[in-house]
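> need a structure here:
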Amino acid sequence: MAVNELTERQYCTFYLDGHFLGIGVKEVQEVLKYQYMTEVPLADAEVAGLINLRGQIVTALDLRKVMGLGPRQGKLPMNIVVRSDDGPLSLLVDEIGDVVEVEKESFEDPPETLEVSFRHLIKGVYKLQEKLMLVLDLDRAVFSLVDA
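Have a look, this model is predicted:
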């Protein structure tokens, strides 16, 4: 992907199994602490359950399972609620980071050393001062599951 295809400059960041990821702030509706979930019988493994968001029923997806990572140990997940054409969708992550602003020039293709299980879900990386931020492709990682 060419640098000019990524027009987002601010990213909501989060951690997942030690990886530092980001999604465009324009795609994020809100960030929430853990919410009680109702399980959905016979749902795909990625569907963690349903949450009640101020009277609206929202599907919660376990981003660890979507990305082929191991189960979460210890702490309860956090919710990043993203906007979709079908309404809000909650992504369960390990920990919420900050909103970061990036320079377009610091964008690079995903490194060859990135885990194969989720390499296809990453648009690219931004080199920040202390670490790399993986840019999650929401269309591939999440919305393709919902539309299926």
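
> In the chain, where is pLDDT below threshold?
Residues of the chain that meet the criterion pLDDT under 70 lie in 1-7, 143-148.

> what about 80?
Residues of the chain meeting the criterion pLDDT under 80: 1-8, 115-117, 142-148.

> Just the helices from it, written as ranges.
63-66, 138, 144-147 (DSSP state H).

> For residue 12, which non-adjacent residue is spatially closest?
Computed as CB to CB, 6 or more residues apart in numbering, the closest residue to residue 12 that is not its neighbour in sequence is residue 28, at 4.6 Å. C-beta coordinates here come from the backbone N, C-alpha and C atoms, glycine included.

> What residues are bridge-paired with that neighbour?
In this structure, residue 28 bridges to residue 82 when assessed by DSSP bridges.

> Might one say that it is in contact with residue 11?
No: in this structure residue 28 lies outside contact range of residue 11 using CB atoms under 8 Å: 9.2 Å.

> For the closest residue to residue 21 other than its chain neighbours, give me its contacts.
With CB to CB, 6+ apart as the criterion, residue 21 has its nearest non-adjacent residue at 4.7 Å, and that residue is residue 134. Each residue near residue 134 by CB atoms under 8 Å, 6 or more residues apart in numbering is listed here: 19, 20, 21, 22, 110, 114, 122, 125.

> more crowded one of residue 28 and residue 11?
Using other CB atoms under 10 Å, the more surrounded residue of residue 28 and residue 11 is residue 11, with 24 against 19.

> From residue 36, how far off is the more buried one?
According to CB to CB, to the nearest Å, residue 11 and residue 36 sit 28 Å apart.

> check contacts around the residue nearest to residue 12.
Going by CB under 8 Å, 6+ apart, residue 28 touches 12, 80, 81, 82, 83.
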